[in-house]
Structures are given as structure tokens and as C-alpha cells.
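> I would like the atomic coordinates for the input below:
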Amino acid sequence: MVVDQLSAVFGALADPTRRAILTRLAEGDANVAELAAPFEVSQPAISRHLKVLERAGLISRSRRATARLSHLEAEPLREATAWLARYRAYWDESYDRLDTLLAELQDKRHQQEKRDEQDERTG
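Residues are numbered from 1 along each chain as shown. Model (predicted):
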């Protein structure tokens with residue numbers, strides 16, 4: 001995946017209406033009227049969203065009789081997810097280091113509390 005396509009995918013995903021359209025298309029192909037139904041926007045506005053999704057490679061469009069259907073193309077989402085996965089590994093490692101540090105601090109605190117209790121008994 002070239003960086004420009006990755007930018008187009010993330011740009012397309014930046015809009016909540018386009019994300020909702022993709023969610024709907026995961027259920028199956030749909031025409032513009034079906035995709036526009038849940039939104040308070042015009043069909044031409046939905047068509048503009050579809051063009052953005054199509055340019056990003058996230059949907060394809062075809063004609064079936066008189067209907068123009070949109071179809072989810074999930075491969076660019078897999079590629080974007082793979083790109084993001086590298087950063088997930090970074091954050092997982094950071095959280096693991098934080099967990100280790102917290103465990104060490106808790107252990108030191110517990111040891112100090114034991115020493116303090118012993119000092120109180122002997123003191």
C-alpha cells in the first residue's frame with residue numbers, strides 16, 4: 001500500500017458519515033437511497049461521500065438493472081489495520097513496561113511497610 005492510498009483511506013475514515021456508510025455496506029450492497037436513509041442529508045451529499053470512499057478504494061460501485069449499488073472493498077481496511085498494528089505493539093510494550101514498574105514499586109512499598117511494622121514492634 002502506498003502512503004498516498006493510506007492517506008486517502010484515513011482521510012475517508014475521518015468522517016463519521018463515511019464510517020457509518022462502511023458499516024452499513026458490511027451488511028451487503030446498497031444503493032444511494034438506502035445509504036442516505038439514516039442521515040439528514042441529501043442523496044447528492046451521500047453521493048459525494050461515496051466518491052471519497054471510492055477514491056480511497058474502500059468501495060466499488062456497479063449497476064444492477066437501474067440501480068447503482070455500492071459494495072464494500074475491505075482490503076484497504078486490512079492494510080490500514082496492519083499499519084496501525086505496529087503502533088499497537090509499541091503501546092503494548094509501553095504498557096508492559098509500566099506494569100513491570102508498578103509491580104516493582106508495589107513490592108518495594110510492601111517491603112517498606114513490613115520493615116515499618118517490625119520497627120514498631122521492636123521500637
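> Which strand or helix spans the residue positioned nearest the centre of the chain?
Closest to where the C-alpha atoms of the chain average out (CA atoms, centre = their mean) is Thr81, at 7.5 Å. Here Thr81, judged by DSSP states H and E, is contained in helix 75-122.
> domains for this structure, by residue range?
3-73, 77-123 (automatic domain parsing).
> from the chain's centre, how far out does the longest one sit?
Right, the one you point to is domain 3-73. On the basis of CA atoms, centre = their mean, to the nearest Å, domain 3-73 sits 17 Å off its chain's mean C-alpha point.
> Give me the mean pLDDT for that domain.
Domain 3-73 shows a mean pLDDT of 94.
> do the shortest one as well
When pLDDT is averaged along domain 77-123, the result is 89.
> how far away is the residue nearest to the centre of the chain from Ala45?
Distance of Thr81 to Ala45, given as CB to CB, to the nearest Å: 28 Å. The way it works is simple: take the backbone N, C-alpha and C, and place the C-beta from them, glycine included.
> what's the answer for Gln112, then?
63 Å.
> More neighbours: the two, which one.
Ala45 (13 against 10; other CB atoms under 10 Å).
> what's the helix or strand containing that one packed up against?
Element membership for Ala45 (DSSP H and E) is helix 43-55. Helices and strands touching helix 43-55, by 3 or more CB pairs under 8 Å, 6 or more residues apart in numbering; DSSP states H and E, are helix 3-13, helix 16-25, helix 32-36, strand 59-64.
> just checking, what packs against the last one?
This points to strand 59-64. Looks like strand 59-64 contacts helix 16-25, helix 43-55, strand 67-72 (3+ CB pairs under 8 Å, 6+ apart).
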